[in-house]
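Colleague: Coordinates for the following, if possible.
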Amino acid sequence: MSRAAVPAEVVEILGDVARFGPYFEIVTDLGETGGAAWRPFPDRDTLLALTGEYGERLGTGERRVAASLLFQGLAARLWSPVVAAAARGVVPDLAGLRWRWAPGETVALGLAETRGWRVRDVAEAAGLIHPMVVDGRLRPLRDAMLTFVSLADGLVWGNAASALAGSLNVGPPDAARTALVRELLGREPLAGTGSFGPRGFVRAGCCLYYRVPGGGMCGDCGLLSRDLRRRPRQ
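Modeller: Predicted structure coming up:
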């Protein structure tokens, strides 16, 4: 059975992994920052407005494209800090997850309560993370988006898998983090959405970034031919 982590330990580890970059940041003191109010994640009104701004920023009038890429970005913000912290022995609890955004601002995630669990191995960590992130956060995020845009399940879970695998490209190489990502990618609904090869993770589908003006295709895109995937991006 997993043991509860001391809150101060969770705060310390989340602070450490936040140094990897903005997608690894979770605020642990919601009183520290001003600006927009913190709200439960996700709420439909904020999500709808953010999707609209995201489309404007990308230069696309296709809501489906903006929603797809936003989902992938938010999935990365959920996976990245949790997996990185778990590789250090602590899984943070996302039960009290909040988010903050206003037009012109960047998205911030925060915890109303800082809790977590000590974990001893990859299987134990994955057993906690999978239901917490997939069922607790990504499915509600998908369901909220489906109230205003149509997104196929294959697209959604391919984006979630790409975001998870992509988290390994940031920060120092870490065998524990890699093993955990591979374990999570083998569980439904991520299983079959992509695979690791000699050049890293390649997803089975596409996130629709090619439909953004000047966007092209991502390095892990399933639409790329083997020959194109070998070419360095300019």
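Colleague: Quick one: find the helix or strand in the chain with the lowest mean pLDDT.
Modeller: Between all helices and strands in the chain, the lowest mean by mean pLDDT, DSSP states H and E belongs to helix 226-230, at a mean of 42.
Colleague: For stretch 10-28, could you pull out the residues that count as buried?
Modeller: Residues 10-11, 13-14, 17-18, 20, 23-28 are the ones in stretch 10-28 that count as buried (16 or more other CB atoms under 10 Å). Where you see a C-beta, it was placed from the backbone N, CA and C, and this is true even at glycine.
Colleague: could I get that stretch in CSV with only the CA atoms?
Modeller: Coordinates of each C-alpha in stretch 10-28 appear next as CSV, following Å, rounded to 0.1, in the frame of the first residue of the first chain:
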residue,chain,number,x,y,z
VAL,A,10,5.7,17.2,-2.2
VAL,A,11,6.3,20.9,-2.3
GLU,A,12,10.0,20.5,-2.5
ILE,A,13,9.9,17.9,-5.3
LEU,A,14,7.4,19.9,-7.4
GLY,A,15,9.7,22.9,-7.0
ASP,A,16,12.7,20.8,-8.2
VAL,A,17,11.0,19.5,-11.3
ALA,A,18,9.5,22.9,-12.1
ARG,A,19,13.1,23.9,-13.1
PHE,A,20,12.7,21.7,-16.2
GLY,A,21,10.4,24.3,-17.7
PRO,A,22,6.9,25.9,-17.7
TYR,A,23,5.1,22.6,-18.6
PHE,A,24,6.5,21.1,-15.3
GLU,A,25,5.2,23.9,-13.1
ILE,A,26,2.4,23.4,-10.5
VAL,A,27,1.9,26.2,-8.1
THR,A,28,1.7,25.0,-4.5
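Colleague: Touching that stretch from outside, list them.
Modeller: Counting by CB atoms under 8 Å, 6 or more residues apart in numbering, the neighbours of stretch 10-28 from elsewhere in the structure are 33, 73, 76-77, 80-81, 84-85, 88-90, 92-93, 106, 108-111, 114-116, 167, 170-171.
Colleague: Derive a PyMOL selection command for the buried subset of those.
Modeller: Typed into PyMOL, the line below selects the buried ones among these, using 16+ other CB under 10 Å:
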select buried, resi 76+77+80+81+84+85+88+89+90+92+93+108+109+110+111+114+115+116+167+171
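Colleague: Filter the contacts of stretch 10-28 down to just the ones in helices.
Modeller: With helices taken from DSSP state H, the overlap with these comprises 73, 76-77, 80-81, 84-85.
Colleague: where in this protein is pLDDT low?
Modeller: Applying pLDDT under 70 to the chain flags residues 1, 32-35, 225-234.
Colleague: quick one, strands of it?
Modeller: Across the chain, reading from the start of the chain, the strands by DSSP state E fall at 3-4, 39-40, 90-92, 97-100, 108-111, 116-118, 194-197, 200-203.
Colleague: for the fourth one, packing partners?
Modeller: The elements that strand 97-100 packs onto, with contact taken as 3 or more CB pairs under 8 Å, 6 or more residues apart in numbering; DSSP states H and E, are strand 39-40, strand 108-111.
Colleague: Tell me which of the strands of the chain lies nearest to A152.
Modeller: Of all these, it is strand 200-203 that lies closest to A152, at 13.6 Å by CB to CB.
Colleague: Show residues contacting that closest one.
Modeller: Under the contact criterion CB under 8 Å, 6+ apart, strand 200-203 has outside partners 158, 161-162, 165-166, 168, 185, 193-196, 219-222, 229.
Colleague: change it to 7 Å
Modeller: Under the criterion CB atoms under 7 Å, 6 or more residues apart in numbering, residues 158, 161-162, 165, 193-195, 220-222 lie in contact with strand 200-203.
Colleague: Just the residues you listed: which are in helices?
Modeller: Of the positions in the contacts of strand 200-203, 158, 161-162, 165 sit in helices, assigned by DSSP H.
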